[in-house]
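Colleague: pasting the sequence and the predicted coordinates here, then a few questions.
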Number of protein chains: 2
Amino acid sequence: MSSLTPKLLLFAELASLSRVLGNPHRLEIIELLAQADMAVEVLTERTGLSFANVSQHLQQLKKAGLVVGRRDGKRIVYQLSPGPIVEAVSGLRALAEHNVARVGDLVQTYFDRPGDLEAIGAAELLERMQGDAVTLLDVRPADEFAAGHLPGAINVTLEELEQRLSEFPDKREIVAYCRGPYCMLSLDAARALRQRGYTVRRLQEGLPEWRAAGYPVQMS
Amino acid sequence: MSSLTPKLLLFAELASLSRVLGNPHRLEIIELLAQADMAVEVLTERTGLSFANVSQHLQQLKKAGLVVGRRDGKRIVYQLSPGPIVEAVSGLRALAEHNVARVGDLVQTYFDRPGDLEAIGAAELLERMQGDAVTLLDVRPADEFAAGHLPGAINVTLEELEQRLSEFPDKREIVAYCRGPYCMLSLDAARALRQRGYTVRRLQEGLPEWRAAGYPVQMS
DNA sequence: GAGTCATTCAAGAGAGTGATTGAATGTAAC
DNA sequence: GTTACATTCAATCACTCTCTTGAATGACTC
C-alpha cells in the first residue's frame, strides 16, 4: 500500500489529542479557562489540585495547542487557544450522555431530577430575553463574571444570595446559569430561590457554550 | 462544598470516554464500522492487527457503549451503537486541524496539496447532484458500498479502475469519495483519473459524515 | 543585588495501557 | 457427539500516565 501512512499518522494525532482531553482534571481546567483567563495559582485554588500538578496539566494542554500562557508581572496567565475546543468537548458530552449508561444515570439523578423545573435551552432563553421577561442570574465568581457574561445578567454567588434577595423582582422569572451543563452552582441557586417562592429555571448550558453558539456576551 | 462530586464524576466519565477514543487503532475500527457492520475477522484483515488485539479493542469500545456485537452463525458481527459517534470524532478532528500544528501540516501535505483540485464539500456536491451534473465514484470495498452509499454512485475499487474506465462519461465531472476525510483511496483514484484526462474532485468527507449530516444514502 | 514569589523542571513510585502468546469458550457442521 | 472454527479470556512484559516531592528558574521588589 503506497499511501496508508498519512491516515494512520493523522489518527495517531487525533488519538493523542483525545488522550489529552482524557483526564478529568484537564477537562476541569479547560472549563475554568473557558470562563476567563487565569493564573496557575487561581487554577490551583479552584481545582483543589497541587501547584505542580496543575502546572504539569497545563504543559500538556499547551503542547496539544489547547492553551497558551502569557506572562503578567510575576504570574503566568493561561488562556484557551482560539479554536473549537468548547465544541469538541460538547461533542464528547453529547456522545457520553447518549451512549454511556452511567453518564445518563448521573445526569438524570442530579440534573434532570423530578421536582426541579426543566432546564431552559439557550435558544428559548434568548427569545425570552428579547421580551425582557426574565432576570438573569450569574452564579460564578466575580472575576469570571467580569470576563464575560450574559447581557444584563446580575452576578450573585451562592454565599451572597440570601442577603441580596431584594435585587430580584418578585414576579419575573429568574434564569440561573454558571460554568457549564454540569456546574452545580446554578442548580443550587435555583433550588434555594425556589424554596423562597421565586420562579426559577436553570440554563442548560454555561457561558462557554453560550458564547460558542455565537450568542451575545457582555464584558464589563 | 455540598455538591461538587457529581461534576467531577461526570468529568471522570467524559475523560474515560475520551481515552477510549484516544487510540489510533480504535479510531480506525470506528471508521470501519461506520461504513458497515463487520465481523472481527474482517476488521482484523482491514486493520492489519492481530485477532486478539482487535478483539480487545472491541471489548473496550463495547464497554464504552460505542459498539455492540451480535452473533451471526459462527461469527460475531459488530456494529456502531446509535448515537453521535461520528459527530464527536468530527469535533475532535476539527479541533485537531485547527489547534494541533502537526495535524495542519499533515493535512496540507497530503490532502490540500497544490496541484490537486480543491476538495468539494457535501453541501455543494448535493446541489450538483440535483442537476445530474456529476458522476459519483465510491472507491471502498464492495461490502462497504453495499451497506450504504451516495445515491447513484458507482463502486470501483482502485484495482479495478483501469479496466472500468469505459464506465465514466468523458465530459462529466467525477467526484470520488471513500471512508472519511483522511481516506487516501479517493485521493489516489482522483489522481489516477486526472492523469487520464478526466475532471475529478474528491469529496472532502466520507460516507459516515455524509450520513451523519442527514444527506440521503442508498442501500442496495 | 539579595530576597521573594509564581511557576516549572526532574526524578521516582504506583497504576494503567497495549500487544503477544497460548489456552478456553461456545456455536456450527459433519 | 466429536470436530472445526471464530472469538474471547488470561497472563505477561514493556511502556506510558499521574501525582508527589524537592530543587531550579526567572521575574519582580525592596
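Modeller: That came through, no problem.
Colleague: going forward, measure contacts between C-alpha atoms and count neighbours the same way
Modeller: Noted.
Colleague: could you chop chain A up by domain?
Modeller: A:5-80, A:113-212 (automatic domain parsing).
Colleague: how about the shortest one and chain B, touching?
Modeller: Yes - Domain A:5-80 lies in contact with chain B when judged by Cα under 8 Å from any Cα of the partner chain; the contacting residues are A:6-8, A:10-19, A:21-25, A:27-28, A:64-66.
Colleague: out of those residues, who's near DNA strand D?
Modeller: Among the residues of domain A:5-80 next to chain B, the ones lying near DNA strand D by Cα under 7 Å from any atom of the strand are A:G22, A:N23, A:H25.
Colleague: about what we covered before: least confident of the domains of chain A, on average?
Modeller: When these are ranked by mean pLDDT, domain A:113-212 comes last with a mean of 91.
Colleague: that one: how far from the chain's middle?
Modeller: With Cα atoms, centre = their mean, to the nearest Å as the basis, domain A:113-212 stands 13 Å off its chain's centre.
Colleague: phi, psi of A:V200?
Modeller: When quoted as degrees, to the nearest 10, the phi and psi of A:V200 stand at phi -130, psi 140.
Colleague: quick check: the nearest residue to it once chain neighbours are set aside vs chain B, distance?
Modeller: Counting by Cα to Cα, 6 or more residues apart in numbering or on different chains, the nearest residue to A:V200 once its immediate chain neighbours are dropped is A:I174, at 4.7 Å. Plainly put, A:I174 is 22 Å away from chain B if you go by Cα to the nearest Cα, to the nearest Å.
Colleague: next to DNA strand D, which bits of chain A? Give me the list.
Modeller: Neighbours of DNA strand D within chain A, by Cα under 7 Å from any atom of the strand: A:V20, A:G22, A:N23, A:H25, A:L49, A:S50, A:A52, A:N53, A:H57, A:D72, A:G73, A:K74.
Colleague: please redo it, this time with the cut-off set to 10 Å
Modeller: Selection of chain A residues close to DNA strand D by Cα under 10 Å from any atom of the strand yields A:15-17, A:19-26, A:48-57, A:60, A:71-76.
Colleague: circling back: quick one: which of the domains of chain A is nearest B:D143?
Modeller: Of all those, it is domain A:5-80 that lies closest to B:D143, at 21.1 Å by Cα to Cα.
Colleague: closest residue of chain A to DNA strand D?
Modeller: Per Cα to the nearest atom of the strand, A:G73 is where chain A lies closest to DNA strand D, at 3.8 Å.
Colleague: tally of neighbours for that residue?
Modeller: Applying other Cα atoms under 10 Å in any protein chain shown, we find 7 residues neighbouring A:G73.
Colleague: ok, it - contacts?
Modeller: Residues near A:G73 by Cα atoms under 8 Å, 6 or more residues apart in numbering or on different chains: none.
Colleague: I'd like to know how far it sits from A:E45.
Modeller: According to Cα to Cα, to the nearest Å, A:G73 stands 20 Å off from A:E45.
Colleague: go on, A:E124?
Modeller: According to Cα to Cα, A:E124 and A:E45 sit 35 Å apart.
Colleague: same question, A:G131
Modeller: 39 Å.
Colleague: those two: which is more packed in?
Modeller: Counting neighbours by other Cα under 10 Å for A:G131 and for A:E45 shows that A:E45 has the greater number, 11 against 8.
Colleague: centre of the chain to the helix or strand containing that one, how far?
Modeller: Taking DSSP states H and E as the definition, A:E45 sits inside helix A:40-47. With Cα atoms, centre = their mean as the basis, helix A:40-47 stands 16 Å off its chain's centre.
Colleague: just stretch A:91-107 next, same as before
Modeller: On Cα atoms, centre = their mean, the centre of stretch A:91-107 falls 17 Å from the chain's centre.
Colleague: what comes up buried for that stretch?
Modeller: For stretch A:91-107, the neighbour count (16 or more other Cα atoms under 10 Å in any protein chain shown) marks A:91-100, A:103, A:106-107 as buried.
Colleague: is there proximity between that stretch and chain B?
Modeller: Yes - residues of stretch A:91-107 contacting chain B under Cα under 8 Å from any Cα: A:91-96, A:98-103, A:106.
Colleague: tell me which of those residues fall in helices.
Modeller: The helices, defined by DSSP state H, take in A:G91, A:L92, A:R93, A:A94, A:L95, A:A96, A:H98, A:N99, A:A101, A:R102, A:V103, A:L106 from the residues of stretch A:91-107 next to chain B.
Colleague: SS state for A:G83?
Modeller: Assigned with DSSP: H, G, I helix; E, B strand; the rest coil, A:G83 falls in the coil class.
Colleague: and it, how many residues sit next to it?
Modeller: By the measure other Cα under 10 Å, the count of residues near A:G83 is 17.
Colleague: quick one, phi/psi of it?
Modeller: Dihedral pair for A:G83: phi 130, psi 170, per degrees, to the nearest 10.
Colleague: who's in contact with it?
Modeller: B:L95, B:H98, B:N99.
Colleague: helix, strand, or coil at the residue nearest to the last one when sequence neighbours are not counted?
Modeller: What it means is B:N99. Spatial nearest neighbour of B:N99, excluding adjacent residues (Cα to Cα, 6+ apart): A:G65 at 5.2 Å. The three-state label given to A:G65 by three-state DSSP is coil.
Colleague: A:G65 touches B:R102, doesn't it?
Modeller: No - taking contacts as Cα atoms under 8 Å, A:G65 lies outside contact range of B:R102: 10.2 Å.
Colleague: close to DNA strand C, is the longest helix along chain A?
Modeller: Longest helix of chain A, by residue count under DSSP H: helix A:5-21. Yes - counting by Cα under 10 Å from any atom of the strand, contacts between helix A:5-21 and DNA strand C involve A:A15, A:R19.
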